[in-house]
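Engineer: Predicted structure and sequence below. I'll ask about it afterward.
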Amino acid sequence: MPSPRSAIVAVLLTGLVAFAPMSTDFYLPSLPSIGQDLGASISTVQLTLSVFMVGFAVSMLVYGPLSDRFGRRPVILAGVALYTVASIACALAPTIEALIAARFVQAVGACVGPVLARAVVRDVYGRQGAAQILAYMAMAMALAPAIGPILGGYLTVWGGWRANFWVLTGFGAVIVTGVALLLQETNAHKDPTATRPARLAANYARLLGHRAYVGYVLVGSFTYAGIFSFISGSSFLFIQAVGLTPSAYGLCFAAVVVGYMAGSFGAGRLSTRLGPDRMIRLGSTVSAAGGLAMIGCAAAGWLGVAPVVGPFFVFMVGAGLALPNALAGAVGPFPQMAGLASALLGFIQMGLAAAVGIAVGTGTEAAFAAGWTARAGLPMAAAVAIVAGGMALSWALLVRGADSAPSPEGAASDPAGSETAPGGELSRPG
């Protein structure tokens, strides 16, 4: 097998991280078609997104401890195989209820990719190198949501909404084959007690009592909730209110993803020089500016591509700057339970995204029902503005001035390359 630091393994890890955006963004242009074909309302169709987030979040609490005990590789193989089978069930779903159930199972398999790919990066590159690697992976991963809605739009026009899930089935099959052939075990700190209830409770308590960890997690969670707000509401807004075709909507989605790619590229270039905390401060400030502009346009009744895509593009630049650094900052100080730290982060991140997505879907449906077409984007814009404020407050109140090193009794040796400060504690980057 190739070295875990090889380029081909980096590509594979990027594919694993891409399970979430591929599984949500690829079929976005087909959401109105799903509602028409299966006779479902906007809020019911939106549940195929929010239920996916719930399954994703809950499963992370399982995969993290399992990988800390048994290793990353076998757990990743099992999860991706489940994802592939569930994607087939989505493609064959005869009712909206069956599709929602299949999406939950698909999420159970999909979540193994992001949570354990982050843990693998932490295993291989250490605390200092993880932020840079995760930033470059995020930039490359952004190709999935950039290209996915465009391809999904054309597939919906040519082959119907089910064609999107057949493509996701093929994606899962390719990734599970790649993991089997290319990925060696990277967990050098397997913990046979990691899945014991008492140990889990103690580890969760330690993480939630760590001020910097909670701050980084909240920054990452609010950032992703903003992205998911756009995912939840934009297809109905652009296709039903503005009148775009599914393929044209895919181009709009790709445009905002370019903003995320630009931010992620900046994070990759600047994180090691400026440090994660400064990048998070910059990113949250930029995202807040985009959120305020977005809700201002929506409140004024400016409905169209430019008033929605322009401000959210700015939000996404900030997200690209902040999110990779928040993820690395949360997982970095805990080499012996990187899987658990990543899992708890993902649980909170996806749980908040699911709640925000349900709110956006319900609000958008109510706006259409009330005939407020010109202001149908207000629920989505309000959600983006609120979570952008949450990003800034989480950094200011929890991350700024916090000591990101674990407590002395929890500090562990880190052969993967993190720095050690006098006294044995991990030093704080930046």
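Structural biologist: Structure's in. What do you need?
Engineer: My read is that Glu219 contacts Arg281, right?
Structural biologist: Rather than Glu, residue 219 is Val. No. If you go by Cβ atoms under 8 Å, Val219 and Arg281 don't touch, sitting 9.8 Å apart. All C-beta spots, glycine's among them, are computed from the backbone N, C-alpha and C.
Engineer: Neighbour count: those two, which is higher?
Structural biologist: Val219 (30 against 22; other Cβ atoms under 10 Å).
Engineer: For Ala383, list the residues it contacts.
Structural biologist: Ala225, Gly226, Ser229, Gly233, Val356, Ala359, Val360 (Cβ atoms under 8 Å, 6 or more residues apart in numbering).
Engineer: typo on my end, Ile227
Structural biologist: Contacts of Ile227 by Cβ under 8 Å, 6+ apart are Tyr260, Met316, Ala319, Ala353.
Engineer: Other residues contacting stretch 24-34?
Structural biologist: Here stretch 24-34 has contacts from 40, 45-46, 48-49, 52, 96, 99, 144-145, 148-149, 151-153, 155-156, 160-161, 164-165, 167-168, 228, 231, 234-236, 239-240, 246-247, 249-250, 253, using Cβ under 8 Å, 6+ apart.
Engineer: go on, stretch 161-171?
Structural biologist: Counting by Cβ under 8 Å, 6+ apart, 15, 22-23, 26-27, 30, 33-34, 37, 84, 87-88, 90-92, 106, 151-152, 155-156 sit against stretch 161-171.
Engineer: What pLDDT is listed against Ala7?
Structural biologist: Looking at Ala7, its pLDDT stands at 78.
Engineer: actually Thr193, sorry about that
Structural biologist: Looking at Thr193, its pLDDT reads 78.
Engineer: now Val120
Structural biologist: At Val120, pLDDT is 85.
Engineer: my read is it is in a helix, agree?
Structural biologist: Yes. Counting by DSSP: H, G, I helix; E, B strand; the rest coil, Val120 is located in a helix.
Engineer: Number of residues surrounding it?
Structural biologist: When neighbours are counted by other Cβ under 10 Å, Val120 registers 26.
Engineer: hang on, it packs against Thr186?
Structural biologist: Yes. Contact criterion Cβ under 8 Å: Val120 and Thr186 qualify, at 5.0 Å.
Engineer: Show me the contacts of stretch 161-171 that map onto strands.
Structural biologist: With DSSP state E as the criterion, strands contain none of these.
Engineer: Are any of those buried, and if so which?
Structural biologist: 15, 22-23, 26-27, 30, 33-34, 84, 87-88, 90-91, 106, 151-152, 155-156 (16 or more other Cβ atoms under 10 Å).
Engineer: just checking, which of those residues belong to helices?
Structural biologist: 15, 22-23, 33-34, 84, 87-88, 90-91, 106, 151-152, 155-156 (DSSP state H).
Engineer: who's in contact with Gly172?
Structural biologist: Neighbouring residues of Gly172 by Cβ under 8 Å, 6+ apart: Val80, Ala81, Tyr83, Thr84, Ser87, Gly109.
Engineer: which SSE is the last one in?
Structural biologist: Of the helices and strands defined by DSSP states H and E, Gly109 is found in helix 96-110.
Engineer: Please work out which residues outside that helix touch it.
Structural biologist: So helix 96-110 is in contact with 19-20, 23, 34, 38-40, 44-45, 47-48, 51-56, 58-59, 79-87, 89-90, 93, 168, 172, going by Cβ under 8 Å, 6+ apart.
Engineer: and if we set it to 7 Å?
Structural biologist: 19-20, 23, 38, 40, 44-45, 47-48, 51-52, 55-56, 59, 79-80, 82-83, 86-87, 89-90, 93 (Cβ atoms under 7 Å, 6 or more residues apart in numbering).
Engineer: List the buried residues in it.
Structural biologist: For helix 96-110, using 16+ other Cβ under 10 Å, the buried residues are 96, 99-110.
Engineer: and what of stretch 364-374?
Structural biologist: Buried positions in stretch 364-374, judged by neighbour count with 16+ other Cβ under 10 Å: Thr364, Glu365, Ala367, Phe368.
Engineer: Surely the second one is in a helix?
Structural biologist: Yes. Going by three-state DSSP, the assignment for Glu365 places it inside a helix.
Engineer: residues contacting it?
Structural biologist: With contacts defined as Cβ under 7 Å, 6+ apart, Glu365 is in contact with Ser41, Ile42, Ser43.
Engineer: How much space separates Val167 from Leu82?
Structural biologist: In this view, Val167 and Leu82 are 18 Å apart by Cβ to Cβ, to the nearest Å.
Engineer: meant to ask about Arg69, not that
Structural biologist: Noted for Arg69: a distance of 19 Å to Leu82, by Cβ to Cβ.
Engineer: Ok, Gly113 next?
Structural biologist: 11 Å.
Engineer: can you check Gly160 too?
Structural biologist: Relative to Leu82, and taking Cβ to Cβ, Gly160 is found at 25 Å.
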